[in-house]
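Enquirer: fold the following.
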Amino acid sequence: MNKIYIEISKLTDKFIEMSYGLVQNETEIKNAVQELMLYFLSMNPEQLKNIWEKDGKEGIIKYGAVVLKRSYTSVRSPFYYKYKKYYRNLVTPTANYSFAKNNFHKSIYNLPNVKVDTYQNDKIELIEKELNKLCWYDKKIFELYYGESNTLDSLAKKTGISRNSLFTTIDKVRNILKEELLDE
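Expert: Residues are numbered from 1 along each chain as shown. Just a heads-up that it's a prediction; the model follows:
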């Protein structure tokens with residue numbers, strides 16, 4: 001198999017040359033060819049071996065051509081998800097989207113200035129302050145449950161504490177926090 005992989009890597013320039021028929025952006029071509037090489041590495045070795053034994057380099061080139069064409073044209077290709085989908089609006093700031101009568105150019109350069117709301121951070125600080133007043137056991141159980149997004153069952157398995165005991169402790173801490181935070 002290593003011999004086949006070495007021969008495929010020697011075809012990189014051929015795949016780049018073939019891509020210029022579909023796309024003109026050199027970076028996009030290099031990314032697509034790199035994705036093609038990863039495709040060959042991850043494909044079923046038996047299938048790759050069969051293509052090699054049947055048609056040799058020509059079979060690999062034809063197979064690679066089909067994969068490259070799909071990479072450039074299909075929204076389901078790994079290339080699309082890794083490169084085109086996420087960077088499409090960053091690279092092409094001229095994509096027009098019309099809202100009512102206004103023409104709006106969607107790009108990273110005209111994002112609205114968003115005022116940072118510190119209300120959420122203030123609440124979190126108040127919760128932490130109130131948790132520090134509690135018994136270490138109550139605080140730790142509450143943090144394990146909410147901080148690590150555990151379920152009661154998974155937390156019971158991790159800690160060896162019964163599910164009912166965990167529920168009682170978490171419910172008690174929630175009620176304490178509600179009372180203390182509503183008073184302020």
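Enquirer: when you work out contacts or count neighbours from here on, use the C-alpha atoms and nothing else.
Expert: OK.
Enquirer: how far away from the center of its chain is the helix or strand where Leu126 lies?
Expert: According to DSSP states H and E, Leu126 maps onto helix 119-133. Distance of helix 119-133 from the chain centroid (C-alpha atoms, centre = their mean, to the nearest Å) equals 30 Å.
Enquirer: okay, that helix in PDB with CA atoms only?
Expert: Extracted C-alpha coordinates of helix 119-133, given in PDB (Å, rounded to 0.1, in the frame of the first residue of the first chain):
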ATOM      1  CA  TYR A 119     -25.800  42.000  33.100                       C
ATOM      2  CA  GLN A 120     -25.000  38.300  32.600                       C
ATOM      3  CA  ASN A 121     -21.500  38.600  34.000                       C
ATOM      4  CA  ASP A 122     -22.800  40.500  37.100                       C
ATOM      5  CA  LYS A 123     -25.300  37.700  37.800                       C
ATOM      6  CA  ILE A 124     -22.600  35.000  37.500                       C
ATOM      7  CA  GLU A 125     -20.400  36.900  39.900                       C
ATOM      8  CA  LEU A 126     -23.300  37.200  42.400                       C
ATOM      9  CA  ILE A 127     -24.000  33.400  42.100                       C
ATOM     10  CA  GLU A 128     -20.300  32.700  42.800                       C
ATOM     11  CA  LYS A 129     -20.300  35.000  45.700                       C
ATOM     12  CA  GLU A 130     -23.300  33.300  47.200                       C
ATOM     13  CA  LEU A 131     -21.900  29.800  46.600                       C
ATOM     14  CA  ASN A 132     -18.800  30.800  48.500                       C
ATOM     15  CA  LYS A 133     -20.900  31.300  51.600                       C
END
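Enquirer: could you pull out the buried residues of it?
Expert: Across helix 119-133, burial judged by 16 or more other C-alpha atoms under 10 Å covers Glu130, Leu131.
Enquirer: give me the contacts around it.
Expert: Around helix 119-133, the neighbours that count as contacts under C-alpha atoms under 8 Å, 6 or more residues apart in numbering are Lys139, Leu177, Glu180, Leu181.
Enquirer: residues in contact with the helix or strand containing the last one?
Expert: Assigned by DSSP H and E, Leu181 belongs to helix 163-183. Residues outside helix 163-183 that contact it (C-alpha under 8 Å, 6+ apart) are 126-127, 130-131, 138-139, 141-142, 145, 152-153, 155-156.
Enquirer: ok, 10 Å please
Expert: Identification of contacts with helix 163-183 by C-alpha atoms under 10 Å, 6 or more residues apart in numbering yields 123, 126-128, 130-131, 134-135, 137-146, 151-157, 159.
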